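> here's my sequence, what's the structure:
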Amino acid sequence: MRKLLSVGAVIVAIMISGIVHLLRHGDPYRFHYAALTGDLATIDSMLAQGTPVDIRDNFGATALTYAAEEGHVVIVSRLLSAGADVNAQNDQGFTALICAAGNGRLEVVQALLRSNANVHSTALEGHTALMAAASAGETGVVEKLLDADADINAEQEGMTALMYASAAGELETVNLLLAHGANVSAHMFNGYTALRFAELTHHPLVAQRLKEAGAPAR
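Numbers count the residues shown, from 1 in each chain. Next up is the predicted model:
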């Protein structure tokens with residue numbers, strides 16, 4: 001379960017370590033590294049020199065994704081004002097919004113939503129920004145995404161945001177999702193529900209809350 005919940009974070013970590021490695025060995029993607037590290041001066045300089053704002057690295061990612069994942073809201077705003085594609089996806093389907101949401105970058109999430117980021121974009125066979133935020137217990141981000149009409153019952157191979165939050169033991173997030181109408185009876189192909197995940201991962205308070213909300217018995 002830990003492996004399942006952290007798959008997005010692992011892929012982002014691989015992307016980051018990869019770009020650092022490439023830069024240390026002379027690869028030209030200084031633009032992405034500047035976004036990753038919050039180096040506005042380099043971003044401005046390279047844009048002025050004609051660097052395409054949506055240039056992609058070996059992982060198919062744009063600078064906006066790195067800036068968003070690290071929470072560099074000034075860099076994000078600068079890239080967006082230069083015409084960055086707010087919905088660009090890397091090779092695994094991750095967008096700036098999904099990366100920012102999963103890391104609790106509330107200011108960045110708000111900036112991206114103001115620029116019409118697609119809350120329905122998916123990575124990894126259906127992983128959404130809402131799922132990323134829910135699994136991390138980022139309740140403030142979850143609320144913003146719901147306000148932006150994110151699909152609360154979207155599924156990733158049967159997993160929903162409520163299941164992710166339940167498996168992680170994020171009671172506050174579970175309460176918020178239930179208050180917004182999350183389907184407590186949704187189940188995977190193997191019959192697992194949010195309640196079952198809460199029980200398997202030993203989160204009794206979450207399990208009790210799900211039962212109170214009408215979760216079906218196993």
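
> distance from stretch 204-218 to the middle of the chain?
26 Å (CA atoms, centre = their mean, to the nearest Å).

> restricting to C-alpha, output that stretch in PDB.
In PDB, the C-alpha atoms belonging to stretch 204-218 read as follows (Å, rounded to 0.1, in the frame of the first residue of the first chain):
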ATOM      1  CA  PRO A 204      -9.600   3.100  13.300                       C
ATOM      2  CA  LEU A 205     -10.800   6.700  13.500                       C
ATOM      3  CA  VAL A 206     -11.100   6.900   9.800                       C
ATOM      4  CA  ALA A 207     -12.800   3.500   9.700                       C
ATOM      5  CA  GLN A 208     -15.300   4.600  12.300                       C
ATOM      6  CA  ARG A 209     -16.000   7.800  10.400                       C
ATOM      7  CA  LEU A 210     -16.600   5.800   7.200                       C
ATOM      8  CA  LYS A 211     -19.000   3.500   9.000                       C
ATOM      9  CA  GLU A 212     -20.900   6.500  10.400                       C
ATOM     10  CA  ALA A 213     -21.200   7.700   6.800                       C
ATOM     11  CA  GLY A 214     -22.800   4.400   5.700                       C
ATOM     12  CA  ALA A 215     -19.800   2.500   4.400                       C
ATOM     13  CA  PRO A 216     -21.000  -1.100   3.700                       C
ATOM     14  CA  ALA A 217     -19.600  -3.900   5.800                       C
ATOM     15  CA  ARG A 218     -17.100  -6.200   4.100                       C
END
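
> residues in contact with that stretch?
165-166, 169-171, 174-175, 178, 184-185, 191, 193-196, 198-199 (CB atoms under 8 Å, 6 or more residues apart in numbering). In short, each C-beta sits where N, CA and C put it, glycine included.

> report the buried members of these.
Applying a neighbour-count criterion of 16 or more other CB atoms under 10 Å, the buried members of the contacts of stretch 204-218 are 165-166, 169-171, 174, 178, 184, 193-196, 198-199.

> closest to Gly38 out of those residues?
Ranked by distance to Gly38 (CB to CB), those are led by Glu170 at 28.2 Å.

> what's the weakest-modelled helix or strand in the chain?
Within the chain, confidence by mean pLDDT, DSSP states H and E is lowest for helix 2-5 among all helices and strands, at a mean of 44.

> ok, Met46 - contacts?
Taking CB under 8 Å, 6+ apart, one finds Arg30, Phe31, Ala34 in contact with Met46.

> which residues of the chain fall in helices?
2-5, 7-24, 30-37, 40-48, 63-70, 73-81, 96-102, 106-114, 129-135, 139-147, 161-168, 171-179, 194-200, 204-212 (DSSP state H).

> which stretch in those helices has the least confidence?
Looking at those, the lowest mean pLDDT belongs to helix 2-5 (a mean of 44).

> where's Ala150 relative to Ala186, distance?
Distance of Ala150 to Ala186, given as CB to CB, to the nearest Å: 16 Å.

> could you dump the helices of the chain to CSV with distance to Gln89?
As requested, these are exported to CSV (distance: least, CB to CB, whole Å):
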stretch, distance to Gln89
helix 2-5, 21
helix 7-24, 12
helix 30-37, 15
helix 40-48, 21
helix 63-70, 9
helix 73-81, 16
helix 96-102, 9
helix 106-114, 13
helix 129-135, 12
helix 139-147, 17
helix 161-168, 20
helix 171-179, 25
helix 194-200, 27
helix 204-212, 32
